[in-house]
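# I'd like to go over a predicted model; first the sequence, then the structure.
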Amino acid sequence: MTSIGLLGTLHNDEIRKEVNYSLSLMKDIILQFAPDIICGEIREQDWGQYIKDKSYTGYLGPDEYRRLIIPLCEQVNIQFSPIDFFDDNHVSLDHFTHYSKEEQRELSSILAERYKEMFKETKNDPIPFNSHQLNQLIADKQEWLRTVNLDVQEEIWDQRNKVMTDNIKKVVSENEGKKILVTVGAEHCYVFLKTFQDEGWKVEFPLRS
């Protein structure tokens, strides 16, 4: 029977330090799950460049991939499957662009308060930003962004999550009986978890730390 785990990650040291989510903790969690395959937040085209040339210095996912996840896969013989998707122009899209300066300040303040609530909520989580309570706060934040700018939300959030989860479904269908760990930015976890449950998969989330 295929085993699936879901691990939300944070993408820079400043945030990881603030919530005590070190790369060493992330490593311990991954090794405890002992996956055969890790599906991760790297685009297929970037991964292909790295496979052709291990000295590739271009974009290769958030920094936890170069610093931890890729070396760990290579050290302990875990297969890595890239599942990310976005166009380069998505990076410059902003939910607040078409608002006035005053409105942008107000919206930014609301967004900051939502993140403040998330950081407060996660203090007691064994794995920071990996809990059903955090998932709900993140889902509420993303739905608020949808009301702020539907077009941007659909392009950079809905479309991306759809392609990523479709990529994961393909990996699962081709690897019956394997242990598959999905590593993805923690804000995606609520979407991924619902999609996996809708597929009828039994998913371990949060993972045991």
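Thanks, I have the structure now.
# Only C-alpha atoms from now on, for both contacts and neighbour counts.
Noted.
# Could you tell me which ranges of the protein sit under the pLDDT cut-off?
Segments of the chain classed as low confidence (criterion: pLDDT under 70) are 209.
# With adjacent residues omitted, what lies nearest to Glu41?
Spatially, and ignoring its direct neighbours in sequence, Glu41 is nearest to Asp84 (4.8 Å; C-alpha to C-alpha, 6 or more residues apart in numbering).
# How are the strands of the protein distributed by residue range?
With DSSP state E, the ranges of strands along the chain come out as 3-9, 37-43, 79-84, 179-185, 203-204.
# on that earlier part again, partner residues bridging the residue nearest to Glu41?
In this entry, Asp84 is beta-bridged to Arg43, by DSSP bridges.
# Relative to Tyr65, how far out is Asn74?
Actually, residue 74 is Glu. It isn't Asn. 12 Å (C-alpha to C-alpha, to the nearest Å).
# likewise Asp125?
For Asp125, the distance to Tyr65 - C-alpha to C-alpha - is 23 Å.
# So Glu74 and Tyr65 - more neighbours on which side?
Tyr65 (18 against 11; other C-alpha atoms under 10 Å).
# Spit out the contact partners of that one.
Pro71 (C-alpha atoms under 8 Å, 6 or more residues apart in numbering).
# quick one on the thing from earlier: test my guess that the residue nearest to Glu41 contacts Gln45.
No: between Asp84 and Gln45 there is no contact under C-alpha atoms under 8 Å: 9.7 Å.
# between those two, who's got more neighbours?
Under the criterion of other C-alpha under 10 Å, the comparison of Asp84 against Gln45 puts Asp84 first, with 22 against 14.
# tell me the contacts of that one?
40-44, 160, 163-164.
# Now do the buried residues in stretch 133-140.
134-135, 137-139 (16 or more other C-alpha atoms under 10 Å).
# Residues contacting it, please?
Stretch 133-140 is contacted from outside by 114, 118, 121-122, 129, 187, 189-190, using C-alpha under 8 Å, 6+ apart.
# Thank you, goodbye.
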